[in-house]
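J.: Mind folding the following:
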Amino acid sequence: MKHKKTIIFILVIIMTISLMLPIVGVMAHEAIYESYAIELKVINVFRGTNLGFELERKPTRVEGGVMFVRLLGGENEAIARNYEHPFTDVPDWADPYIGYLYYYSLTNGISSTEYGSTMEMKAKSYMTFVLRALGYDETLGDFTWDEALEYAFTLGILNQEFYTELSGYTFYRDQVAKLSYDALFFSLKQYQATLGEKLVSQGAISKVAAHSIGIIDDYYLNSAKPVSIYGLSLRSDLDEVILTMGQPNNILPSKLGYEWYIYNSDYTNYIQFGIKEDKVIAFYTTSFLMRTDQEITIGDNQEDALIAYTASVNIIEKKVEGDSTIYLYSPTKNDCETFITSDLNGYISMIYDTYKNNQIYAVYVVDKEFEESYIDNYLVEKNSLIESFNKQTLYITNAIRAINLLEPLLYEDKAALSATKHANDMVVRDYFSHISPDGLSPFDRMNNEGIYFSLAGENIAFGFYDAIHSVQAWYNSQTGHRENMLDDYIYMGVGIAFKDDSMYIVQNMWR
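T.: So this is what the prediction gives:
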């Protein structure tokens, strides 16, 4: 009898527990991160639905996609362009966002015609979006989708408590809010700037709103510099440059007598500052962290620039000290337009990618007073510039390759020797061609220097006065130069020779 009572008691306990389980299963999720959603609403990133924030429910795939576009700073473009996509299950309100992701190959559907809009968004999937917004790329081996949470934890994006929480089976909208908020204050991959600062620089978040939740400080809020990067602009002190950027990776002479301070440790954020008498007199950059007070940045296009600046500069009047003559110079080309900065102290040249709807891929800013004070193409002895132009050609080519998500090329001496011999030969024998008068091709010349390649190419240019404009011409070329710059090479060498004021430049690449 005692044994039977024990069994009955155990059965009662089991039955009691089993009856309790369904009650636990239907308990609503308690949202504890509402404050983060409120902060994100201030900057127009997390907006909720017609039912409010709905923080207690699970996010859908389409909601995750919309948040991803906002974290990329792509919402304005998405709405303006309204790119098409093949998915039939996307609600009308989300069409522009999913179209943006589809256009840039940033997301896949669950089939050729369905996005899976109403399916539940998992934590690791949303973490993948956040990592991509921060510049990490699973296709480059940074992380894998299956271990996105673990990778974020090792980076410090997630603390132990939140990592453990997200590793649970269910993911909720309040966790989306916290994760998105935390990401805004995390530095981009290989950048000093945070994701939030990037979004401000892109105009995706207003300065006032960003300042109100602590993304930017008082200095950034009150700065209205016409063109700047990391808060540095024309006439910034050299000491300020060093304090902000650190020591340069290289210092190279320019053709106009000032020195280029080169920052190329991260080619996706390439900058060179022109320094004269310890002041910034010019700068060139491909970095999207470049800011203008007209809200133009890298990635905008020609139409945006013309709307912001109204009209480009067709003629610059130059007057040299001691000379009463006024010289006229036309700065605007097919792939570049120059504007006067809003404070009237500088010229800003927007350099366009003609293959991508005249998208701005670089800017070149120069002090107006200085630009108008010289007429010569070179203010220093030209042969002293050969090493400088060689290196700038490598650096700017690699910056452009970074824009296109390609690995940087390595400088290689044998390729440089082959290129230099060809540049000198064109000067001496007065021709301009890939094929020499005695029939040698670029591949023959590289073979002669002991280069044995599986893939090789050559770019040549004539009539430009520096590396910046030579590389710009190749990039927008319609005759194969761009393809060479973006091909699957490993090594590059550059050769330069001068004839009077004309520069011959040769770029040899191989693997």
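
J.: ok, so what distance separates the residue lying closest to residue 487 once chain neighbours are set aside from residue 408?
T.: Closest residue to residue 487 apart from its sequence neighbours, by C-beta to C-beta, 6 or more residues apart in numbering: residue 457 at 6.2 Å. The way it works is simple: take the backbone N, C-alpha and C, and place the C-beta from them, glycine included. Note on residue 457: its distance to residue 408, by C-beta to C-beta, to the nearest Å, is 16 Å.

J.: ok so residue 35 is a helix residue?
T.: Yes: Residue 35 forms part of a helix when assessed by DSSP: H, G, I helix; E, B strand; the rest coil.

J.: and it, how many neighbours does it have?
T.: By other C-beta atoms under 10 Å, 12 other residues sit near residue 35.

J.: So which of residue 457 and residue 408 has more stuff around it?
T.: Under the criterion of other C-beta under 10 Å, the comparison of residue 457 against residue 408 puts residue 457 first, with 22 against 16.

J.: So which bits of the helix or strand hosting the more buried one are buried?
T.: Per DSSP states H and E: residue 457 is located in strand 456-464. Residues of strand 456-464 classed as buried: 456-461, 464 (neighbour count, 16 or more other C-beta atoms under 10 Å).

J.: who are the neighbours of that strand, in terms of helices and strands?
T.: Packing partners of strand 456-464 (3 or more C-beta pairs under 8 Å, 6 or more residues apart in numbering; DSSP states H and E): helix 413-429, helix 442-448, helix 467-475, helix 481-485, strand 502-510.

J.: So what are the sheet partners of it and their directions?
T.: strand 502-510 (antiparallel) (DSSP bridges).

J.: then the strand it pairs with to CSV, C-alphas only?
T.: Output of strand 502-510 as CSV, limited to C-alpha atoms (Å, rounded to 0.1, in the frame of the first residue of the first chain):
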residue,chain,number,x,y,z
SER,A,502,53.5,66.3,-70.4
MET,A,503,53.5,63.2,-68.3
TYR,A,504,53.6,59.6,-69.6
ILE,A,505,52.3,57.1,-67.1
VAL,A,506,52.2,53.3,-67.3
GLN,A,507,50.5,50.9,-65.0
ASN,A,508,51.4,47.2,-65.3
MET,A,509,49.4,44.6,-63.4
TRP,A,510,49.7,40.8,-63.1
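
J.: Return the set of buried residues in that strand.
T.: 503-510.

J.: before we move on, what about stretch 59-78?
T.: Those would be 59-75, 77-78, for stretch 59-78 by 16+ other C-beta under 10 Å.

J.: before we move on, back to that, roughly how far does the residue nearest to residue 487 sit from residue 181?
T.: 47 Å.

J.: ok, back up a step: winner for burial among the helices and strands packed on strand 456-464?
T.: Among those, strand 502-510 has the highest mean neighbour count (mean count of other C-beta atoms under 10 Å), at a mean of 26.

J.: For residue 252, list each beta-bridge partner.
T.: Under the criterion DSSP bridges, residue 252 forms beta bridges with residue 260.

J.: and it, what is it in contact with?
T.: Taking C-beta atoms under 8 Å, 6 or more residues apart in numbering, we find residue 252 in contact with 259-260, 262, 387-388, 391-392.

J.: among the residues you listed, who's most crowded?
T.: Busiest of these [other C-beta under 10 Å] is residue 392, holding 25 neighbours.

J.: Leaving out the residues flanking it, which one is nearest to that one?
T.: Of all residues not flanking residue 392 in the chain, residue 467 sits nearest, at 3.7 Å (C-beta to C-beta, 6+ apart).

J.: Hmm, the one you found is touching residue 389, no?
T.: Yes: assessed by C-beta atoms under 8 Å, residue 467 is found in contact with residue 389 at 4.5 Å.

J.: Many thanks, have a good one.
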